[in-house]
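*Asks:* Predicted model, plus sequence, below.
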Amino acid sequence: VRLDNPPRVTIIDFKSGGPDNEDRMSLDEEEMRLQVTMYGLAARHELEYEPDRGIVRYLGARKGQDSEIQVDLHDGALEKARNTVIDNARNIRERRFHAGPTQGPRNKKSASRCHECDYLGICGLPSAREARG
């Protein structure tokens, strides 16, 4: 949290690597935006700040690459993120594991997202059973 003009703040999330990181466990841009927006909600709720803007900053960006992603933290964006997390929690409780914020695999080389999923060990979907081998 950068205290630009308290209670107005900027939320910055530093990421190792660059924007073209092909690591299969890295978050995609939509997931990073959601993550920073959730940090904004936490800053508002727990610290009583007013999140003004969010930034994802790549520490390993090469010269000429974009090193930042701007994240909107206005009230509508914060509410949308809150609802996304509520919906995702509901989907997990109801064992609907393919309903997350990213439908496909993060790594373009994977056929499904199952190999990347935190719930692989408990998921009963046929694709998860196949991924477990």
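*Replies:* It's in. Numbering: from 1, shown residues only.
*Asks:* how about the helices in the chain?
*Replies:* 29-47, 75-93, 126-132 (DSSP state H).
*Asks:* orientation of the first one relative to helix 75-93 in degrees?
*Replies:* Meaning helix 29-47. 100 degrees (axes from the mean of the first three to the mean of the last three Cα atoms, to 10 degrees).
*Asks:* what does helix 29-47 contact?
*Replies:* Outside helix 29-47, the residues within contact range by Cβ atoms under 8 Å, 6 or more residues apart in numbering are 1, 9, 11, 13, 15, 27, 49-51, 54-56, 69, 71-73, 77-78, 80-82, 84-85, 101-102. In this view, the C-beta of every residue, glycine as well, is placed from N, C-alpha and C.
*Asks:* Filter the residues you listed down to just the ones in strands.
*Replies:* 9, 11, 13, 15, 50-51, 54-56, 69, 71 (DSSP state E).
*Asks:* Measure how far the lowest-mean-pLDDT helix or strand in the chain is from the centre of its chain, please.
*Replies:* Ranked by mean pLDDT, DSSP states H and E, the helix or strand of the chain with the weakest confidence is helix 126-132, at a mean of 83. Remark: helix 126-132 is offset 24 Å from the chain centroid, using Cα atoms, centre = their mean, to the nearest Å.
*Asks:* returning to that earlier point: separate out the buried members of the contacts of helix 29-47.
*Replies:* Buried by 16 or more other Cβ atoms under 10 Å: 9, 11, 13, 15, 27, 49, 51, 54-56, 69, 71, 73, 77-78, 81, 84, out of the contacts of helix 29-47.
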